[in-house]
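K.L.:
predicted coordinates and the sequence they were generated for:
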Amino acid sequence: MLIKPPTMHFSARSVKNLQGIDPILARVMRIALQYALVPFAITESESGRHPVGSIVNIVALPAGVVSWEPCYYQLIADAVAEAATLCEANVKWVGQSVLLQSTTQQECGHFHPA
């Protein structure tokens, strides 16, 4: 007998932070949470350098604690890629190039439509 894993839900704060962003990007992030091997939260959904609603920033929450370990962001990015495929959307993960450049780790959680 197969047991279905529990459905993951964003916190009220993450749901609020998803408001006003591109609806396809929001959908991708909601679906990605179901595929992610590491829970994550939405920390913000816009930045002064980008059009309002065009980006999502996340934070990894392994064991319910904020972490900037790159391995967690790779797992989340894999889930976002899977969700984007399901939604027939193009989503870019900025964190991959950030990890290669070893710059600020907080940029690891930056996603936007490609």
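P.N.:
Yep, that arrived. For clarity, every value in this text was computed on a predicted model and none was experimentally measured.
K.L.:
gap between Val66 and Leu75?
P.N.:
Distance, Val66 to Leu75, by C-beta to C-beta, to the nearest Å: 15 Å. Where you see a C-beta, it was placed from the backbone N, CA and C, and this is true even at glycine.
K.L.:
quick one, which of those two is more surrounded?
P.N.:
Neighbours around Val66 and Leu75, counted as other C-beta atoms under 10 Å, are more numerous at Leu75. The numbers are 17 against 11.
K.L.:
mind listing what's buried in the helix or strand encompassing the more buried one?
P.N.:
Using DSSP states H and E, Leu75 falls within helix 70-86. Using 16 or more other C-beta atoms under 10 Å as the test for burial, helix 70-86 gives 70, 72-80, 82-84.
K.L.:
quick one: strands adjacent to the helix or strand following it?
P.N.:
Downstream of helix 70-86, the next assigned helix or strand under DSSP H and E is strand 91-93. Partners of strand 91-93 in the sheet, by DSSP bridges, are strand 110-113 (antiparallel).
K.L.:
residue contacts, the closest residue to Tyr72 other than its chain neighbours?
P.N.:
Closest residue to Tyr72 apart from its sequence neighbours, by C-beta to C-beta, 6 or more residues apart in numbering: Ala60 at 3.7 Å. For Ala60, the contact set (C-beta atoms under 8 Å, 6 or more residues apart in numbering) comprises 38-40, 66-69, 72-73, 76, 109.
K.L.:
rerun that using 7 Å as the cut-off
P.N.:
Contact partners of Ala60, counting by C-beta atoms under 7 Å, 6 or more residues apart in numbering, are 38, 40, 67, 72-73, 76.
K.L.:
Pro23: which of those residues is nearest?
P.N.:
Nearest to Pro23 among these: Phe40, at 19.4 Å, using C-beta to C-beta.
K.L.:
these two touch, right, that closest one and Ile58?
P.N.:
Yes: Phe40 is in contact with Ile58 according to C-beta atoms under 7 Å; the separation is 4.7 Å.
K.L.:
what touches both of these two?
P.N.:
Counting by C-beta under 7 Å, 6+ apart, the residues touching both Phe40 and Ile58 are Ile76.
K.L.:
now stretch 42-62: mean pLDDT?
P.N.:
Averaging pLDDT along stretch 42-62 gives 75.
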